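Colleague: quick one: sequence plus predicted model below, questions after.
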Number of protein chains: 2
Amino acid sequence: MTIRYPNGKKFQQNRILSVKKNVNIKDDRFSNRGMSLEEDINETNEYYRTHNLAIIHKKPTPLQIVNVNYPKRSAAVVTEAYFKKPSTTDYNGVYQGKHIDFEAKETKNKTSFPLKNFHDHQIQHMKAVIKHGGITFVLLRFSALDEVYLMKAEDLIFYYDGQEKNRKSITKKQIEACSYHIPIGFHPRIDYLKIVDKLLSTE
Amino acid sequence: MTIRYPNGKKFQQNRILSVKKNVNIKDDRFSNRGMSLEEDINETNEYYRTHNLAIIHKKPTPLQIVNVNYPKRSAAVVTEAYFKKPSTTDYNGVYQGKHIDFEAKETKNKTSFPLKNFHDHQIQHMKAVIKHGGITFVLLRFSALDEVYLMKAEDLIFYYDGQEKNRKSITKKQIEACSYHIPIGFHPRIDYLKIVDKLLSTE
């Protein structure tokens, strides 16, 4: 008889063990030490700002605020709000007079990047930014491999629009072929402006 | 004997009448019809986007999210969040390859614009954007007069930094002398890109 959890799922003895194993194997000299891609990029942007290299910020999470309480003698509290789908990319700012606009996404997959990570209005936004002369791209992290790539929005759009032909993801080989690998550093963590310099020099 | 409301304030017969009077006097052919400056700018930005002139968005209000409920079968609800002070300006985007970055403020005053409308970190942000070659300014509305001005961040900073000399506001005359008046239109409502064109041509 198979023992089942109340949720109907099978009990798997070796599930936790196998996760632990991965952690031990991983060489974490420069690994993300449990930091999310967002945290790494925020840290990188802060480095850029404090070193006067660029002014790039993450946009706040868009919320539909429904109810706010104004208690006496203390700060206003939002008591009901809902997450909205962002209509733009998450990060933008200015670098050498140029408008920088990008999105960051990570996957646990090791061989491909699922296209469902991107929303249609974000793709439309990137198309518009290209049209108006901004620099726009995505930072893609394969979190299990701790590898980060900068892919130009033009290439992402090529693959995204190919979804009509039943494309569900971009293979890692395709990403490697058209994107720039960003080595994980210490300070800044993800030095994507080095790649932007390359993009600007080939414009 | 003076009749008083339960809140202790005197009853003023002509208070409501005088407000009504103002409304009647106002020529509202092109007035804001009760729309806030934010609504007017959002509408203007939408016009710019749909007419392929520029890609400029308002940043979402920054909130510190403390608690989120995930009810079964319905959307996640933020049940506790607090307003954070923004560390940047509210609006940014790209126009003709240039990074555009601005803040919008309104006052009910008729003869001066109080400097307390601006936060120190917003001024610091504008200084940084100037340094990195972005175009940054403020849109100032005198709501009682329905007049909107575009003031370059450089000029705002001049007056803001002058606060040490006990400056509390910028007089309307000073604003008129260094800023650009933007006539209120119908579509778009506040056509600030026309002024940006002027700024770009004199760069």
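Modeller: That came through fine.

Colleague: check whether A:Ala144 sits in a helix, strand or coil.
Modeller: Of the three states, A:Ala144 takes coil under DSSP: H, G, I helix; E, B strand; the rest coil.

Colleague: how deep is it tucked in, by neighbour count?
Modeller: 13 (other Cβ atoms under 10 Å in any protein chain shown). For every residue, glycine as well, the C-beta is placed using N, CA and C.

Colleague: so A:Leu115 sits against A:Lys168, correct?
Modeller: Yes: contact criterion Cβ atoms under 8 Å: A:Leu115 and A:Lys168 qualify, at 6.2 Å.

Colleague: higher neighbour count, these two?
Modeller: A:Leu115 (16 against 9).

Colleague: what residues does chain A put near chain B?
Modeller: A:49, A:52, A:54-55, A:57, A:59-63, A:65, A:75-84, A:87-88, A:92-101, A:125, A:128-129, A:131-134 (Cβ under 8 Å from any Cβ of the partner chain).

Colleague: what's the PyMOL syntax to select whichever of those are buried?
Modeller: Here is the PyMOL command that picks out the buried ones among the residues of chain A next to chain B, judged by 16 or more other Cβ atoms under 10 Å in any protein chain shown:
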select buried, chain A and resi 49+54+55+57+59+60+61+62+63+65+77+78+79+80+81+88+92+93+94+95+98+99+100+101+125+128+129+132+134
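
Colleague: so of the residues of chain A next to chain B, which ones are in strands?
Modeller: By the criterion of DSSP state E, membership of the residues of chain A next to chain B in strands covers A:55, A:57, A:63, A:65, A:77-83, A:92-95, A:98-101.

Colleague: just the endpoints, please. Distance across stretch A:163-182?
Modeller: 27 Å (Cα to Cα, to the nearest Å).

Colleague: max-length helix in chain A?
Modeller: helix A:37-50 (DSSP state H).

Colleague: what does stretch A:196-203 contact?
Modeller: Stretch A:196-203 is contacted from outside by A:95-96, A:98, A:100, A:135, A:137, A:150, A:152, A:180, using Cβ atoms under 8 Å, 6 or more residues apart in numbering or on different chains.

Colleague: and for stretch A:75-90?
Modeller: A:58-59, A:61-71, A:101-104, A:119, A:121-122, A:125-126, A:129, A:136, B:57, B:60, B:63, B:75-83.

Colleague: can we see that at 7 Å?
Modeller: A:58-59, A:61-71, A:101-104, A:119, A:121-122, A:125-126, B:57, B:63, B:75-83 (Cβ atoms under 7 Å, 6 or more residues apart in numbering or on different chains).

Colleague: what residues of the longest helix of chain A count as buried?
Modeller: Applying 16+ other Cβ under 10 Å to helix A:37-50 flags A:37, A:40-42, A:44-45, A:47-49 as buried.

Colleague: which one of those residues sits closest to chain B?
Modeller: Nearest to chain B out of the buried residues of helix A:37-50 is A:Arg49 (Cβ to the nearest Cβ; 7.1 Å).

Colleague: what's the nearest residue to that closest one once chain neighbours are set aside in contact with, if anything?
Modeller: In this structure, A:Arg49 finds its nearest non-sequential neighbour in A:Ile55, 6.0 Å apart by Cβ to Cβ, 6 or more residues apart in numbering or on different chains. Neighbouring residues of A:Ile55 by Cβ under 7 Å, 6+ apart: A:49, A:93-94, B:128-129, B:132.

Colleague: give me the low-pLDDT residue ranges for chain A?
Modeller: A:1-34, A:164-165 (pLDDT under 70).

Colleague: apply 50 and report the result again.
Modeller: Along chain A, the model assigns pLDDT under 50 to residues A:1, A:11-32.

Colleague: partners of A:Tyr82 in the sheet?
Modeller: A:Gln64, B:Val77 (DSSP bridges).

Colleague: and A:Phe113, bridged to which residues?
Modeller: Under the criterion used (DSSP bridges), A:Phe113 bridges to A:Ile170.

Colleague: how many neighbours does A:Glu203 have?
Modeller: Counted with other Cβ under 10 Å, A:Glu203 comes out at 6.

Colleague: and it, how far from B:Gly97?
Modeller: From A:Glu203 over to B:Gly97 the distance is 10 Å, taken as Cβ to Cβ, to the nearest Å.

Colleague: for A:Arg189, same thing?
Modeller: 28 Å.

Colleague: can you point out the buried residues in stretch A:196-203?
Modeller: In stretch A:196-203, counting by 16+ other Cβ under 10 Å, buried: A:Val196.

Colleague: restricting to C-alpha, output it in PDB.
Modeller: Extracted in PDB, the C-alpha atoms of stretch A:196-203 (Å, rounded to 0.1, in the frame of the first residue of the first chain):
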ATOM      1  CA  VAL A 196      25.700  47.500 -22.900                       C
ATOM      2  CA  ASP A 197      29.000  49.100 -23.700                       C
ATOM      3  CA  LYS A 198      29.500  46.400 -26.400                       C
ATOM      4  CA  LEU A 199      26.000  47.000 -27.700                       C
ATOM      5  CA  LEU A 200      26.600  50.800 -27.900                       C
ATOM      6  CA  SER A 201      30.000  50.300 -29.700                       C
ATOM      7  CA  THR A 202      28.400  48.200 -32.400                       C
ATOM      8  CA  GLU A 203      25.400  50.500 -32.900                       C
END
